[in-house]
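**Q** return a 3D structure for these sequence lines:
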Amino acid sequence: MNANTLKILLRKEVSLMKRNPIIPRLIVAMPILVMLIIPLVATLDVKNVEVVVVDNDRTELSRRMVADMDASEYLSVTGCYFSYDEAFRQVESGKADAIVTIPKDYLRDLTNGKRPELDLKANGVNATKGTLGAQYATMSAVHTLTRWQMEQGIAMPVQEATVVNLYNPTLNFRNYMIPALMVVLLIIICGFLPTLNLVSEKETGTIEAMNVTPVGRLEFVLSKLIPYWIVGILVVTVGMLVGWLVYGLVPEGNVVDIYFAAILFSLVMSGLGVFIANKSATILQSIFMMFAFIVVFQLMGGLFTPIASMPRWAQCVTYAIPPRYFIEIMRSVYLKGATVADLWVQYAALSGFSILFCLVAAMTYRKRV
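**A** Residues are numbered from 1 along each chain as shown. The predicted structure follows:
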């Protein structure tokens with residue numbers, strides 16, 4: 001490999017990137033938009049569940065239960081009815097997610113030592129919101145009833161267990177998503193953009209002129225990839241800064257471990273990008289091929305859906321998905337403070353994929369002299 005030739009080609013690539021009207025803006029805007037918007041939109045936190053109450057008891061205790069539900073940050077009582085049919089129409093129209101029915105003589109039965117039960121029905125169209133909403137309403141009613149029993153001296157409350165949430169004490173879904181979003185940035189910067197760059201050389205015909213020069217294929221491919229590797233590291237840095245400045249999330253582990261994983265994953269995506277470019281004749285073909293890989297990577301890499309909740313056959317398939325290992329590393333380093341020694345399996349898998357993809361890219365690239 002000729003270092004002077006590589007230096008000249010790198011200078012040419014940097015000049016082309018600066019003159020491109022899209023790439024500089026994409027490099028600056030994309031990490032900021034991804035880290036700012038996606039954590040707010042792609043969340044599984046369920047709040048403001050709309051509840052309607054059918055109060056058949058109409059006592060001070062029932063009114064207190066309704067008030068406590070409405071005061072919760074997770075529940076919002078949108079109406080209190082005396083007829084179940086009226087409440088059910090609210091669910092049918094999509095204005096409510098759950099119905100809480102307080103039975104008649106609820107307070108009197110409690111005073112007499114009986115154990116009347118609340119009737120809860122959830123809207124199963126949105127299964128997550130309906131199920132969690134019913135659980136939130138149940139917990140709110142139990143807490144209200146416990147405090148009321150203490151005030152009345154009817155019974156002593158049962159000692160509740162103390163729950164400590166490790167690694168993510170607030171159970172904020174953003175803390176789970178933000179580290180994994182780095183995978184989106186590297187897929188675009190180190191995989192998608194180099195692919196388009198290489199294929200554009202084919203469409204414009206400049207690659208034919210390059211093929212008849214003494215420039216080796218190694219120098220040519222490296223000149224196409226090195227700028228994006230550097231930009232990928234800068235984008236990861238910007239992403240970590242946005243996560244810290246906006247959401248207050250900082251890695252519990254060593255930042256060097258994050259950069260090490262980012263470099264390995266950049267090699268993986270670059271190798272894949274060169275392979276797709278070698279097999280594509282037009283930009284449109286490369287876009288479709290790359291998009292197919294991106295969809296699979298995001299859906300089966302554990303970015304939005306936990307791998308443990310997938311079917312068994314799908315969990316086996318994810319072992320062949322490189323983003324799986326990068327996402328596991330990012331979340332473990334960010335939230336648990338894990339080290340390379342703790343995650344050696346994931347690092348080894350990324351290293352293996354990077355070697356495999358780079359070899360495939362080198363073998364499929366043909367320089368015609």
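
**Q** only C-alpha atoms for contact and neighbour calcs from this point on.
**A** Fine.

**Q** for stretch 20-32, buried residues please.
**A** By neighbour count with 16 or more other Cα atoms under 10 Å, stretch 20-32 contains the buried residues 27, 30-32.

**Q** shaky segments in the stretch 101-250 of the chain?
**A** In the predicted model of the stretch 101-250 of the chain, residues 154-166, 170-171, 209-211 satisfy pLDDT under 70.

**Q** what about P21, helix or strand, and which?
**A** For P21, there is no host helix or strand (DSSP states H and E).

**Q** give me the pLDDT value at it.
**A** Listed pLDDT for P21 reads 72.

**Q** identify the residues contacting stretch 354-361?
**A** Stretch 354-361 is touched from outside by 264-265, 267-272, 274-275, 278, with contacts defined as Cα atoms under 8 Å, 6 or more residues apart in numbering.

**Q** make it 10 Å
**A** The contact list for stretch 354-361, computed with Cα atoms under 10 Å, 6 or more residues apart in numbering, reads 221, 263-279, 322, 348, 350, 353, 363-364.

**Q** just the buried ones from those, in PyMOL syntax?
**A** In PyMOL, this line selects whichever of the contacts of stretch 354-361 come out buried by 16+ other Cα under 10 Å:
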select buried, resi 221+263+264+265+266+267+268+269+270+271+272+273+274+275+276+277+278+322+350+353
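
**Q** just give me the neighbour total for L249.
**A** Residues near L249, counting by other Cα atoms under 10 Å, number 18.

**Q** same question for L218.
**A** Using other Cα under 10 Å, L218 is surrounded by 15 other residues.

**Q** next: P39.
**A** Neighbour count for P39, taken as other Cα under 10 Å: 18.

**Q** swap in the one 3 residues further on?
**A** Neighbourhood size, A42 [other Cα under 10 Å]: 12.

**Q** mind listing what's buried along the host helix or strand of F291?
**A** For F291, the element it lies in under DSSP H and E is helix 283-300. Using 16+ other Cα under 10 Å as the test for burial, helix 283-300 gives 283, 285-287, 289-290, 294, 297-298, 300.

**Q** could you dump these to TSV with pLDDT?
**A** Listed next are these as TSV, based on pLDDT from 0 to 100:
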residue	pLDDT
I283	86
Q285	88
S286	88
I287	88
M289	89
M290	89
I294	88
F297	89
Q298	85
M300	88
